[in-house]
Every structure is written in C-alpha cells, then in structure tokens.
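Visitor: For reference, the sequence and a predicted model appear below.
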Amino acid sequence: MKLARCIISGKRIESNLSRLLNQAEPDVLQLDWFHEQPAEAWNPQDIKFTTGGVREEFKIVHKALYLRPQLRVATNIGGLNVVGAMEALAEFLSEHGSPDMPIAAIRGENVLADIDDFLPAMKKIDLANVLSAQVEIGGGPFATALVEGARIVVAGAYDLSAPFLAAAVSEGLCGWDDKQFLGKLTAASQFVDLLVEAFADGRIELDQGASGELFAPVAENACSKFWNMRLTMSEGFRATVLIEMSSVQLANLREFCRDQFSEQPITIKKFVPTGRAENEGDLLVRLEYQANSRETCQQFVDSLQFWLRQHSDGTIVAPLPSIQLFTKTMLVPVAAERIVLSVDTRPAREWL
C-alpha cells in the first residue's frame, strides 16, 4: 500500500499535486488544507468551497479517483462546515460522472457550541474570545469510513497521522496495538509530498532516498483515549496604514496620535527610500494600531484619513489601510469518549 500526504495553501502550485498523483500513484492520499488565520480562513466562502464551486485541487483529485478505483482520499477541507463541503463535493461529483461514488463525512469535532462543558475549570480563558474549538480526531473514525468503502473522507480537523494510521489498520497491515509499526507511520506522516510504502512485514520506505527505518513514538492523539482540542482565540485586530510624508509632517502626526489615541499605543515606523537621504524628501511612515474590535480599528483609520486631509499633505500609499484579525491557538487534551462523532458514508447523489 502506498500513502502520500500533500499540503494545499494559497501559495501552492497545483501542478505539484498532479505530479504526485500521476507519478507516485498512491493508494491513499491525505490532502491537508493550511491557513494562516484558521478562524477566518475556514469560512467556506473564503475557501470557495460552497455549493456551486469546488476547489481546483479537487478537480485534479477527481480525475485520479475516476481513473484509479483503488485510490482513496482523506482531507480536512470540511473545516467549520463539513456539511457545506459535502454538498459542494457531491454536486461536483454528480455533475462530472460520479454520482454513485461513496463519500463520507466525519461530523462532531466542532465543539464550539459546547465549549463550556469542556473548559469549566479554565478560568484564565475568556470564552467570549474563543473563535473556534475543533477536536483533532484520531484514526478510528477514518478507519470506519474506509472500511465502509468511502472513496473520499471529509473531516474538519484531525491529528496529522490519523489518516495514515487508519489506512494501515483498515487494510489489515497492523492493529491498533502494533506500536512499532504505527510509530513508523507516525514519523512518516510528518513529511510533506513524500510517498510512503507500507508493507505487511513492518517495513516503511520513503520515495526520496531516506535510508533505514523510521522510529518514533506512536502518535498518542491518533490512537489513544485522548485527543487534542484546538482552540483558536482572538488576540484583537490591527490596523496598518502606510503614508508618504515629510519629516515635519511626521512630527505633527506623532503629536496627533498622542492627543487622540493616548489610551491605545500606536507603533510608528519610518523608512527612508533606497538611495535617498532622510533630508532629501518624503519618508514612508507605517502606523500600526491594535484594538479589541474591528470597529475601533476602523475608527482609527477614519480619523487618520480625516486628519491627513485637514492638516497635512501626507498621502496614503499602496497597500491601502488594512485591518487584520490576530489569533492564537491552544491545545487542550480531551477524552475521546466525550466527543460524539458520526461517520456518514453514502453515494454522492444522496448528499444533495
């Protein structure tokens, strides 16, 4: 059995996925989506995975699924909306000749609605700032879906080694108690775009010349009684503005900021264009303002723009003012038995 893992991000070149599928011909493909801002980026609208639109990468995957009946795919494309992703995927498959392809959804790892039940003793966490709470599920649910015949298994979040371990167990290469074999698979799953050949005799080889067997502790989160819950929490918002102005105007700007925004510190950095001395002309000045809400940051931008029009010849230059959400993440172990999951496998057409 051949296993491969591929990460997809906004900067990824799709041809790499095609090459991996065409040249390596894996039996199981783990397709991970990565986003720098998980709480916002997992919005299906942002990843263009709503009904009527499917990710370009899945068009590549569908071709491989159509040509190679033994190929199966596990992915976290479901994000915060597993059902929405399934409907979009089912619509695409039905319209492209695969209405009977069995696809599975693993639901229940999004526990934000019940966050109070999982964090009763964590007084330091302001639950109002928790944007998402997803359990990184282990291999058991994936193994169930694969045994049920699913060609594509969609989840919201999982331990990175879970699909690999599930594939090995579902194919009978090992059991959940085979710590040595599962440990090697856990190590192999940490590589990206590496093809792994798992053999029943316990050997694991990598396709890019790695020598020797890989040993690593078994991923406890993927096959034990405890899974990690990943909390994404808001750290506030930051407004960034880039202005072109003179040194005199900069002094006036600093005074304006001290008078109007004394309660919230503002970072002001100046830059001298390459090849020019500071006294030869205008500077580039970057202002960063951080607040708890997007509205407060917008008020800062509006006030700054008004002041520039009234009291300065400074000009806001590209990129235009931006307001970004800043988040932090925390992993909290939870007992797997407390997470109520459902594994729903059915033909694509039945998801519509």
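Guide: Perfect, I can see it now.
Visitor: so where do the strands sit in this structure?
Guide: For the chain, the strands defined by DSSP state E cover 2-8, 28-33, 72-75, 102-107, 130-136, 152-154, 195-198, 204-206, 226-245, 266-271, 283-291, 315-316, 322-335, 342-347.
Visitor: which phi and psi does N292 have?
Guide: Backbone dihedrals for N292, given as degrees, to the nearest 10, come out at phi -80, psi -20.
Visitor: sorry, back to before: how about the strands of the chain, which one is nearest S189?
Guide: strand 2-8 (6.1 Å; CB to CB). Heads up, the C-betas are built off the backbone N, CA and C, glycines and all.
Visitor: List the pairing partners of the closest one within its sheet, with orientation.
Guide: strand 28-33 (parallel), strand 195-198 (antiparallel) (DSSP bridges).
Visitor: deepest of those, which one?
Guide: Each of those was given a mean neighbour count from mean count of other CB atoms under 10 Å, and the largest, a mean of 23, is that of strand 28-33.
Visitor: what sits up against that strand?
Guide: Strand 28-33 has contacts (CB atoms under 8 Å, 6 or more residues apart in numbering) with 1-9, 20-21, 47, 57, 61, 64, 71-77, 79, 160, 163-164, 167, 189.
Visitor: Show me which of the residues you listed are buried.
Guide: 1-6, 8, 20-21, 47, 57, 61, 64, 71-77, 79, 160, 163-164, 167, 189 (16 or more other CB atoms under 10 Å).
Visitor: mind showing which ranges of the stretch 151-300 of the chain have poor pLDDT?
Guide: Counting by pLDDT under 70, the stretch 151-300 of the chain has low-confidence residues at 192-194, 198-224, 273-281.
Visitor: can you map out the helices along the stretch 51-200 of the chain?
Guide: Counting by DSSP state H, counting those that start in this stretch, the stretch 51-200 of the chain forms helices over residues 56-67, 82-95, 115-118, 139-147, 162-170, 179-188, given from the N-terminal end onward.
Visitor: any idea which of those helices is most buried?
Guide: Counting by mean count of other CB under 10 Å, helix 162-170 has the highest mean neighbour count of those, with a mean of 27.
Visitor: what helices or strands is that one leaning on?
Guide: Packing partners of helix 162-170 (3 or more CB pairs under 8 Å, 6 or more residues apart in numbering; DSSP states H and E): strand 2-8, strand 28-33, strand 72-75, helix 139-147, helix 179-188, strand 195-198, helix 220-223.
Visitor: want to try JSON lines for the ones you listed, with distance to D302 as columns?
Guide: JSON lines is the format used below for those (distance: least, CB to CB, whole Å):
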{"stretch": "strand 2-8", "distance to D302": "37"}
{"stretch": "strand 28-33", "distance to D302": "35"}
{"stretch": "strand 72-75", "distance to D302": "42"}
{"stretch": "helix 139-147", "distance to D302": "48"}
{"stretch": "helix 179-188", "distance to D302": "51"}
{"stretch": "strand 195-198", "distance to D302": "53"}
{"stretch": "helix 220-223", "distance to D302": "46"}
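Visitor: ok, now which ones touch the nearest residue to L185 once chain neighbours are set aside?
Guide: What sits nearest to L185 in space, not counting adjacent residues and going by CB to CB, 6 or more residues apart in numbering, is F164, at 4.9 Å. F164 sits next to 3, 5, 28, 30, 139, 185-186, 188-189, 196 when contact means CB under 8 Å, 6+ apart.
Visitor: picking that back up, format the strands of the chain as CSV; extra columns: distance to A145.
Guide: CSV is the format used below for the strands of the chain (distance: least, CB to CB, whole Å):
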stretch, distance to A145
strand 2-8, 16
strand 28-33, 12
strand 72-75, 8
strand 102-107, 4
strand 130-136, 16
strand 152-154, 4
strand 195-198, 19
strand 204-206, 23
strand 226-245, 17
strand 266-271, 48
strand 283-291, 43
strand 315-316, 52
strand 322-335, 21
strand 342-347, 5
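Visitor: I am finished for the moment; much appreciated.
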